[in-house]
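Q: would you be able to build a 3D model of this:
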Amino acid sequence: MANREFALVLHDIAPITWPDYRAFVEEIDSMGEIPMTWLVVPDFHHRSNTFEDTDLLQLLHQRRERGDELALHGFYHCDDAPAPRTPRDYFMRRLYTYEGEFYPLSYAEALERLQRGVELFRAQGWPLEGFVAPAWLLGEGARQALKTQGFTYTSDPGQLYFLPDYTPIKAPSLVWSARSRWRRGMSWVVNERARRRHRHEPLIRLGLHPVDMRHAISRRYWLTTIRRLLEEGYRPTTKISWLQRHCSQHDKTGALSRMDTRLENARPEPNPPLNN
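A: Down below sits the predicted model:
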């Protein structure tokens, strides 16, 4: 079977969520060299500021040094826009999720938050290639703003999108809904079916959330799945590393080759500051 890889992606990284992840990350580290993509939220729900937490910043610097990827994951990770006015918006913002921060934003509002996030990463000397919207939801204003900020990619549950033109690259995800018992039970079934269905894909993403770590069934599922993928010959990777290889192997038009230049220009400072 052709080379297959998996990307382990930790969503919602912030001081308030790191305790959920700590033991899990330690267990993953004990399995060997398994790089991860950390989706960093600058100020989770307006009450957990990543860039004012010296301990978490130090940890993220250390993870960068060992080969992990850091990506921007919204700014507040909560929908604090005015109440929805249409049935569709009500469904997306109140039934589907309460955390689709970038779904209702105007171009100007999205641009301001993106620019602030970029500056926070820059102050730490962190290369920034990926932006993932909370709940994977981008409204039209946010889509247009994201095109202007020099990111390499964004994503939704089924695909990676090469920016600025949103070129789709198939990359299916496994993701749990772990907030209730029946959802956890269904998530096991749905994800096992998806894993088997996508077994021939070159990349499968594992999208973990802090709530997954609070329940034995979901935490056990992720550990078991990672071990199974390793046993089946999958190679662990980060999203940006996989995209870079994908570009070099499959870019026939030149549209994706810009990534190499971006990566060369995005080197961390030798001694980046811990506080901005």
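Q: low-confidence stretches in the chain?
A: 1-2, 81-84, 87-98, 251-276 (pLDDT under 70).
Q: again, only this time at 50
A: The chain contains residues with pLDDT under 50 at 90-91, 252-253, 255, 265-276.
Q: which strand runs longest in this protein?
A: The strand spanning the most residues in the chain, taking DSSP state E as the definition, is strand 5-13.
Q: quick one: contacts of that strand?
A: Applying CB atoms under 8 Å, 6 or more residues apart in numbering, the external contacts of strand 5-13 come out as 21, 25, 28, 34-41, 44, 50, 56, 60, 73, 77, 132, 171, 202-210, 226, 229, 234-239, 242. Using the backbone N, CA and C atoms, a C-beta is placed for each residue, glycine as well.
Q: chain neighbours aside, what residue packs nearest to Arg179?
A: Nearest non-adjacent residue to Arg179, counting by CB to CB, 6 or more residues apart in numbering: Val211, 6.1 Å away.
Q: what's the local residue count around the one you found?
A: Neighbours of Val211 under the rule other CB atoms under 10 Å: 17.
Q: quick check, it in contact with Ser180.
A: No - Val211 lies out of contact with Ser180 (CB atoms under 8 Å); the separation is 10.4 Å.
Q: distance between the ends of stretch 103-112?
A: Terminal residues of stretch 103-112 lie 14 Å apart, using CA to CA, to the nearest Å.
Q: ok, now stretch 31-50?
A: One end of stretch 31-50 sits 27 Å from the other (CA to CA).
Q: list the buried residues of it.
A: Within stretch 31-50, the residues that count as buried by 16 or more other CB atoms under 10 Å are 34-44, 48-50.
Q: and the residue nearest to Arg179, how far from Ala110?
A: Distance of Val211 to Ala110, computed by CB to CB, to the nearest Å: 26 Å.
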